[in-house]
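Chemist: would you be able to build a 3D model of this:
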Amino acid sequence: MALKLYGSAMSTCTSRVLTCFHEKSLDFELVPVDLFAGKHKQPPFLAKNPFGQIPALEDCDLTLFGKL
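Modeler: Numbering: from 1, shown residues only. Presented below is the predicted three-dimensional model:
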């Protein structure tokens, strides 16, 4: 199963993770989160990152996220 990266390609933080994934030739899926529509503050995304910030990384049962 591929890694799932939840974020926006326009986000600097998401772009940093994408750069690392490409450098390591990892199999991943970018799941777009529409920040302008406030999708990062909706319950489905808050279940992945309770702080409502992007990016969030999901690998099977493990979910990683940060808070700035």
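Chemist: got the phi/psi numbers for Leu30?
Modeler: phi -90, psi 120 (degrees, to the nearest 10).
Chemist: before we move on, what about Gly7?
Modeler: phi 170, psi -170.
Chemist: what bridges to it?
Modeler: Pro32 (DSSP bridges).
Chemist: separation between it and Pro32?
Modeler: Distance of Gly7 to Pro32, given as Cβ to Cβ, to the nearest Å: 8 Å. From N, CA and C alone the C-beta is placed, and that goes for glycine too.
Chemist: more neighbours: which of the two?
Modeler: Gly7 (23 against 14; other Cβ atoms under 10 Å).
Chemist: show me what contacts the spatially most central residue of the chain?
Modeler: For the chain, Tyr6 is the residue whose C-alpha lies nearest the centre (Cα atoms, centre = their mean; 2.5 Å). By Cβ atoms under 8 Å, 6 or more residues apart in numbering, the contact list for Tyr6 reads Val31, Val33, Phe45, Lys48, Asn49, Ile54, Pro55, Ala56, Leu57, Glu58.
Chemist: ok, back up a step: between Gly7 and Pro32, which contacts overlap?
Modeler: If you check Gly7 and Pro32 against Cβ under 8 Å, 6+ apart, no residue is contacted by both.
Chemist: quick one: the helices in the chain?
Modeler: 12-23, 43-46 (DSSP state H).
Chemist: need the ones you listed in a markdown table with distance to Thr63, can you?
Modeler: Output for the helices of the chain, formatted as a markdown table (distance: least, Cβ to Cβ, whole Å):
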| stretch | distance to Thr63 |
| --- | --- |
| helix 12-23 | 14 |
| helix 43-46 | 11 |
